[in-house]
Structure formats: structure tokens, C-alpha cells
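Peer 1: need a structure here:
(one chain, ligands or ions: 4)
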Amino acid sequence: MDSLKDRYTPVVVENEDDLGTNPSSNTPMLELIERRLERRSMMKGFFAMTALGAFGGTITNRSGLAMAAEGETSLTFTQPDHVILDDHQVAPGYRADVLIRWGDRVTAKAPEFDPQAQSPEAQAEQFGYNNDFVAYYPLPYGSGNSEHGLLHVNHEYTSPELMFPGWTFEEQTEAQSLIEMMAHGGSVIEVIKENGQWRIVDDSDFARRITVDTEMEVTGPAAGHDRLKTNYDPTGTRVLGTVNNCAGGKTPWGTVLMAEENFHGYVGGELPADVAAVEGPVHERYGIKADARYPWWKVVDRLDRSKEPNEINRFGWMVEYDPYDPASMPKKRTALGRFKHEGATCIVNGDGRLVVYSGDDERFDYLYKYVSNGTVNVEDRAANDALLDEGTLYVAQFDEDKLTWLPVVFGEGPLTEANGFTSQADVLLETRRAADLLGATPMDRPEDVEPNPVNGRVYMMLTNNTRRTEEQVDAVNPRAENRHGHIVEMVPPGAPDATDHAATEFTWNIFLKGGNPAEAESGAEYGAGTTVWLSSPDNCAFDPKGRLWISTDQGSSQARNDIPDGMYACDVDGSGRAMVKFFYGCPRDAEMCGPEFTPDGRTLFIAPQHPGEGADSTFESPSTRWPDFADNMPPRPAIVVITKEDGGEIGA
Ligand code: FEO
Ligand code: CA
Ligand code: CA
Ligand code: CA
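Peer 2: Ligands and ions are numbered 1, 2, ... in the order given. Okay, the predicted model is just below:
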């Protein structure tokens, strides 16, 4: 039973038991290490606040007492206790209110939630499972309204052992599979702030659920390609649904980007031999296997590789849709590449072009960006439709100080027929192999990658990579057996006044290393004055002052590290740079997703995901029953709204 569960639930250990599927020899050069060490000491002097010397051994967790010299942080809140609790907690003086939970009503058709009487039909109208990306859209479009808007929420994956009474993998029913499919995707709700408190507008015309059954259009260079054609869609341009939508992004014209991340676990069965000869290595590179994480393929023919071997080629893309139009058909934008997209953060470059940053979250996979050909038009929303179809995808190659963006373009460099590519569609379908050939730098699991609108620099959360060896250490991934992850700060030319995000060369430096400095293996660096430590940065957000808010996901290491996942924040400049403070703690066994500020910085929406998803935790006996704490209710992923009791700016 346990072994079956283990096979099924990489969720607790997101990717942790996957080896990573990058077989390329894009390994770092040892000679860089020495230069890195020299460089690191120079950086320390430069910022005068990195920690090993100033700080080594003085950082504390809840059991410690020592304090480093005070940094001058602009964040004024008092930290809550840095401990794991069954309940969530937030800094004193703030409110943390549950807004919507798994199963709550989204559309007007939704019935009340009853965990003992679930159905696919009900779930298709109710709030989905495992909320991840959260995006706020002011009402009306373009208004900048911070007190009335739409919330889009991704539902990344499902945790059936916590959703269904008596669930086992081998006895999963057809209904359970269909409920899981309806619990994936996204939700749109309308929210309004009245008398200082947020509520959902019931039966809003904007309310919508997107599921694994929602019809979508495929656009861009791979649309209509033979490798995307199936029996149910001989055009290769129509696909049902989206899966594993982790983080995402907001376009400047008010649409949602939903990233398809771990899409490999959604089809199963054996590939026909003739197809395997061609597509087999591609499936391997993406980790697509016969014994899928989700058994849906046993009841849904299109997810069975023996029946529809091309179906999975229609996943792993970036999905765009318009939350202001509930009838709009989502589009899979193939120009942004096919990989395990963590998210997709947009910024308008100085010349008006759109730039989108996106990490491929797997051990030893890569960082990408996309630059549109055309320019953004926020006045005429429809005028932007080609921006995500016509442009250039780049992959990142780091050396000692420099970051080079390499075009992932058919016909350039090794991306030719000699290497099996016959078109840009091929290159995009096999984005990872193209990037392998280009010599991209294998990273320690790139999660959120976000440009800071205030200082123009770009911040990449690298969550961890325990499989990196000493020989594989390089300048930008400087630790072997990287348990706690790090944050890289990338500097486009011209930042901050004339930032050129489209440039093909940036500089970079390491902003922060996670981990407990008291542990020798860690060697973490924080700004002076930090009194907590964090592990495994995952998502991030910037408040209106440009301060960095970091959400963490330790996976199964949460219990071992004995610190909660949650929200941490720090300045990015000045003496408070990288001086981390702890702001919000998730309930037990949850990870922190979705940080999103309203434009005025007075509301922070967050998404505690998979509360109670610990070892041996079940529907009947979960490790927490957050947020309801009722005996007849399992734990429920939920969106939480944080406001300051005095109505002021978050973090002040
Ligand atoms: Fe779904 Fe990379 O976190
Ligand atoms: Ca996640
Ligand atoms: Ca994530
Ligand atoms: Ca993660």
C-alpha cells in the first residue's frame, strides 16, 4: 500500500523522487568554481551584508536566541512564531481570512459541498483542488480598482487520499477519476472589499470553471502539426482541457496565463511500437511513463497512449484566456515552448514589446524567456492576439558573471534537420532537447521568475536540487546537494531607468541562499539582522515598493526542517537587502502558493496548498483539518486574504 501510494503521490515531494530527465552533458565547468569563490567574496564586500562572516552561527530558529547586528529593513511588522501549527498564522496586527475553499460554490449552478456525496458534475461548478497561482484583475478592466475585481485561481493537482473517503490507488473509481479531472484547471470569482473586508459576489456573471474538459484552441507554430493530430481532433488545433496549472502570469492586456507544469503524469499505457520509435525519447525526456501518476487513462480513452499517442503532445504549453469574458475559449500558445512551465511573468519592455519569463521546474532543467515581435496595446485588448504567437523563445546560459539568452529557433545553430528538427513546430514540441543542444545551463529547479517593476532586475526562485553533485556545481548553482534552494538576481542592461528585458546579455548575482546557517551543509546567506531561515523558495511577488515576498515549498522536507512553509519578505536594496522576515505560516503540511497584491498594496491574496498532505495522512485521519477543523470535513486548500487591521499597506 505504501509503495503504491509513494508511486502515486510525488505531491508531498514535488519532483523530489524524480531523477530529473535531462541526459545532456550541459554540465558546468570546474574551473568556474574557483573564480566563483573569488567573485563571491567580492560580492560580499560590495553589498556588505552577506552573512557567513557577519552572521555565521548567529541566525536562529525558534530554539535559538542569538541575534545578528540589526539590518535596516523597511518591513515594520513583528514576526509570528516560526513554528509549524495545525492552523495558519500571520504577523500581529494583520488579518488572515479564508475567502474560498475546495468545494465552495463558484458558478450559480454549483451545489453546496458535501465531501461524502461528491460528483464530477458538482465539482465542475465548485472551487477546484490545490489552489496555486492567484491573479487579481480590477473591475472594470484598466481601472486599477483595488477593492473590486476578479480573482483567477489555478488548481494545480489533486490529493485523492485527502479528497475521498477510503481511497486507494488500485481501487480508484471512475467517478473519482472524473471528479479529479473537474477539480483541476482554474476558477474565476468576483470579489469585492466592503467595510475593510473582502467577500465573494454570489452568482457573478464572470464566475467560471476551467477543467480538463474545457475546449481550447491550439495556436502558434505547432498548431495543426501532424504530431498534434488525434482521432478526436484531426485538425491538431482543438484540445480538451489543461492540467497541472501551477503558477502563471498576467498579460498587460488583462488576460490570464496558466502554466502547464508536471503534465507528464496525466497519460498512461504503452505507446504503439511505431510511435515509440519516434516519440519514445521525447516522452522519456519529459518523464511520460506507462504507469501514470493519475489513473484517468484507464477510463478516458484520449489519455491512453496506446489509443491516442499524440494526445500528450497537446500538453506542456502555456494557456491564455480572458477572465473578463466567461465565454472566451482558452488558447494554448505554443510559441512559448513545451516544458514543465512553473509560471510566466510578463513585462512590457521599454520598446513596447512583451517579454515573458518562464522556468522549467525540474532538476537540471532550464530558464526561458520569450520576446514578442509586435508591441503591446493596452487600449485595444484584441490587438494583442498575435503577441504570444509571433516572437522568439530564448533559453538561458549562465557563465561566471554573464547571462546569455540563446534563441530556440529552427535553423539556427544545432536546431536543424541534422538533429531531427524539420520545423519550428518540432523545435517547440521538443523544447528541452533543443535547449540541451544549445548548451543551456542546467538549473536547481527554476520556479517563479519575476521582474521587479521598481528596480528592473529579475528574480529567479531556484527551489532545491538534492541530486547536484560536487562535480556539477557551477557559478549560478553553487551548492552540491542543494536542499534549500537559492534566489538569483538577474540584471538586464539599462536597469532601472532604461531596462532592456529583450537584450540577449544580462549580468547576474546570487541574492540569497536558503537553509539554516547553523547547519554546515547549508552555508546560507541572509542580510544582517535576519532571525529566521527559509527553505525552498517557490513563488514570489513584489509589493508596490518593489520589496520581494517569497513563498516556500519544502515538500516532504517540511517536517525534517521543522519550519513552516509560508510568506517571507525582504528589501532588495539598501541595508535591509536580503534581510528576511517571516510574515505568514501555512497550516501543517501545506505549501505556500499564489502571492498576489492588489495595486494599492493593501491586500495580499495567498493560496495555502495541500494542507494536511503529510506522510500517512488520509481523508479519515488527516494531519490537520484546516481550515474548518470539523470532524466531518477533511482539510481543504483555500484562498486566504491578508489585510492590515488598520487598513494600511501590507508590510508598511
Ligand atoms: Fe508546481 Fe514548480 O511548483
Ligand atoms: Ca505547487
Ligand atoms: Ca510552484
Ligand atoms: Ca514547488
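
Peer 1: And for the residue in the chain positioned nearest to ligand 3, the neighbour number?
Peer 2: At 4.4 Å from ligand 3, residue 538 is the closest residue in the chain, using Cβ to the ion. (Glycine included, C-beta is placed from N, CA and C.) Counted with other Cβ atoms under 10 Å, residues neighbouring residue 538 total 31.

Peer 1: Tell me the spatial nearest neighbour of it, not counting adjacent residues.
Peer 2: residue 553 (3.9 Å; Cβ to Cβ, 6 or more residues apart in numbering).

Peer 1: and the one you found, what does it touch?
Peer 2: 14, 447, 463, 536, 538, 565, 591, 592, 593 (Cβ atoms under 8 Å, 6 or more residues apart in numbering).

Peer 1: just residue 361 next, same as before
Peer 2: The contact partners of residue 361, by Cβ under 8 Å, 6+ apart, come to 15, 246, 261, 262, 340, 341, 342, 445, 446, 447, 463.

Peer 1: One more: residue 569?
Peer 2: Counting by Cβ under 8 Å, 6+ apart, residue 569 has contacts 75, 543, 547, 548, 549, 550, 580, 581, 583, 651.

Peer 1: And the residues you listed, which is closest to residue 572?
Peer 2: Nearest to residue 572 among those, counting by Cβ to Cβ, is residue 548 at 5.3 Å.

Peer 1: Bridged to the closest one, which residues?
Peer 2: Beta-bridge pairing of residue 548 under DSSP bridges involves residue 542, residue 570.

Peer 1: ok, now how distant is it from residue 348?
Peer 2: Relative to residue 348, residue 548 is positioned 21 Å away (Cβ to Cβ, to the nearest Å).

Peer 1: more neighbours, these two?
Peer 2: Neighbour totals were compared for residue 548 and residue 348, and residue 548 leads with 25 against 18 (other Cβ under 10 Å).

Peer 1: picking up where we left off before, and the contacts of residue 569 near ligand 3, which?
Peer 2: Contacts with ligand 3 are made by none of the contacts of residue 569, judged by Cβ under 5 Å from the ion.

Peer 1: Quick check, residue 80 in contact with residue 581.
Peer 2: No. Contact between residue 80 and residue 581 fails when scored by Cβ atoms under 8 Å: they sit 10.2 Å apart.

Peer 1: Low-confidence stretches in this structure?
Peer 2: Where the chain drops to pLDDT under 70, the residues are 1-19, 25-71, 520-523.

Peer 1: re earlier: against which helices or strands is the helix or strand harbouring the residue of the chain closest to ligand 3 packed?
Peer 2: Using DSSP states H and E, residue 538 maps to strand 537-542. Counting contacts by 3 or more Cβ pairs under 8 Å, 6 or more residues apart in numbering; DSSP states H and E, strand 537-542 packs against strand 446-451, strand 458-462, strand 548-552, strand 591-597.

Peer 1: quick one: which of the ones you listed is nearest ligand 1?
Peer 2: strand 446-451 (4.8 Å; Cβ to the nearest ligand atom).

Peer 1: and the angle from the closest one to strand 548-552?
Peer 2: Strand 446-451 and strand 548-552 are oriented at 170 degrees to each other (axes from the mean of the first three to the mean of the last three Cα atoms, to 10 degrees).

Peer 1: Strand 446-451: partners in the sheet, and parallel or antiparallel?
Peer 2: Strand 446-451 is paired, per DSSP bridges, with strand 458-462 (antiparallel).

Peer 1: Just want the angle from the partner strand to strand 537-542.
Peer 2: In terms of direction (the same axes, to 10 degrees), strand 458-462 departs from strand 537-542 by 160 degrees.

Peer 1: Run the contact check for strand 458-462 versus ligand 1.
Peer 2: No. Strand 458-462 does not reach ligand 1 (Cβ under 6 Å from any ligand atom); its nearest approach is 9.1 Å.
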